[in-house]
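Visitor: I'd like to go over a predicted model; first the sequence, then the structure.
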Amino acid sequence: MTPLESILELKSRVSQSIIGQQHVVDSLLLGLLCNGNLLLEGLPGTAKTRSIRSLAKSLAADLGRIQFTPDLLPADVTGTEIYQEVNGKQQLDFQEGPIFNNLILADEINRAPAKVQSALLEAMEERQVTVAGKTRPLPRLFMVLATQNPIEQEGTYPLPEAQMDRFLLKIDVGYPDAEAETKIIDLVRGEENQSQPPPAAPIDQDAIFKARDEIHTVHVSDNLKKYLVDIIMATRQPDAYDSPLKNWIEVGSSPRATIALDKAARAQAWLENRDYATPDDVRSVVHSVLSHRLVLSYEAAADGVSSTSVIDEILKQVAVA
């Protein structure tokens, strides 16, 4: 199979296990193709964890799960050095933590204290961990898939802006509709059937790396680059537009948002079997790229204006070159 065929097969397999959340499946693939980290935010029972487990099952990748709690320590994430006796001689050996897997499920990430967040931040950004003064690289295929509950406040620690900026995409996971809910019942009943046929062989990791190489060649015109940059600049200079933006945005997006928007748009174009990106590709991913990178003003909060509404207004104001 070609890299595109392999990725579409991966998408099909994951979609069979996730009902009513197609945008989540699409975002998981974009994260893999762009070599980025994802933040999934939604109420309990909306298949956030299931989505990640399904991806790991369909892909030849190791899954590590970290259940974040207020008493978690950095060593619980990165691993630690332990004394062992080998052939009568004591020595210090490093025992790897769950972060050394390919896919990391960081469940309820906002429940961990600052020291744990700092350890995870190094892994997310540098693809390495430092323990006892020694730096150790993480696997070539590595992605953090973090979840958090938007309404749970007790015992949580809001993620710092620097860490939020390291997530390529933020995906809002809502409840499925009635039709999807009915299909979920049938899906779970089918999975409980012991006579299920054995699963197909997982997709090899090499398909991801080949796909990334092809995405690098997707063409982005100068006009599209200008459109992309103008969107980001609108978050930093809302006063330039005759709209409520200047009253809604307190802090705009960083250059990481520009890079993420470019990567995600090219990956979206590649998934649609095109070697060039369009403004529609940018618009299809801009909400997931920017929603967690905007700091809204008190006035926006008081008026009930969400980041989604702000991004919608930006798209209305910024014209395609």
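Guide: Received the coordinates, thanks.

Visitor: what about residue 121, how many neighbours?
Guide: By the criterion of other C-beta atoms under 10 Å, residue 121 has 17 neighbours. All C-beta atoms are positioned from the backbone trio N, CA, C, and that covers glycine.

Visitor: just to check, it is in contact with residue 163?
Guide: Yes: with the criterion set as C-beta atoms under 8 Å, residue 121 and residue 163 qualify as a contacting pair; they are 5.3 Å apart.

Visitor: assign the spatially most central residue of the chain to helix, strand or coil.
Guide: Nearest to the mean C-alpha position of the chain, by C-alpha atoms, centre = their mean, lies residue 38 at 1.1 Å. For residue 38, the secondary-structure state derived from DSSP: H, G, I helix; E, B strand; the rest coil is strand.

Visitor: from residue 273, how far off is it?
Guide: Applying C-beta to C-beta, to the nearest Å, the value for residue 38 to residue 273 is 23 Å.

Visitor: before we move on, what about residue 75?
Guide: In this view, residue 75 and residue 273 are 46 Å apart by C-beta to C-beta.

Visitor: those two - which one has more neighbours?
Guide: Between residue 75 and residue 273, counted using other C-beta under 10 Å, the more crowded position is residue 75 (16 against 9).

Visitor: burial count for the nearest residue to the more buried one once chain neighbours are set aside?
Guide: Closest residue to residue 75 in three dimensions, ignoring its sequence neighbours and counting by C-beta to C-beta, 6 or more residues apart in numbering: residue 97, at 6.9 Å. Counted with other C-beta under 10 Å, the burial measure for residue 97 works out to 20 neighbours.

Visitor: pretty sure residue 97 is touching residue 76, no?
Guide: Yes: here residue 97 reaches residue 76: they are 6.6 Å apart, a contact under C-beta under 8 Å.

Visitor: can you give the distance of the strand or helix carrying residue 11 from its chain's centre?
Guide: Secondary structure from DSSP states H and E places residue 11 in helix 3-17. Here helix 3-17 shows a centroid-to-chain-centroid distance of 18 Å under the convention C-alpha atoms, centre = their mean, to the nearest Å.

Visitor: any idea how far residue 266 is from the residue of the chain most remote from its centre?
Guide: In terms of distance from the mean C-alpha position of the chain, residue 88 ranks first, at 46.4 Å (C-alpha atoms, centre = their mean). Per C-beta to C-beta, residue 88 is found 57 Å from residue 266.

Visitor: same check on residue 77?
Guide: Remark: distance between residue 77 and residue 266 (C-beta to C-beta) = 31 Å.

Visitor: the two: who's more crowded?
Guide: Set side by side, residue 77 and residue 266 give different neighbour counts by other C-beta under 10 Å, the larger being at residue 266 (26 against 23).

Visitor: and that one, what's its pLDDT?
Guide: We have a pLDDT of 97 for residue 266.

Visitor: spatially nearest residue to it (excluding sequence neighbours)?
Guide: In space, not counting the residues next to it along the chain, residue 266 is nearest to residue 218; the distance is 4.1 Å by C-beta to C-beta, 6+ apart.

Visitor: list the contacts for the one you found?
Guide: Residue 218 makes contacts with 266, 267, 269, 270, 274, 275, 276, 277, as judged by C-beta atoms under 8 Å, 6 or more residues apart in numbering.

Visitor: again, 7 Å this time
Guide: By C-beta atoms under 7 Å, 6 or more residues apart in numbering, residue 218 lies in contact with 266, 269, 270, 275, 276, 277.
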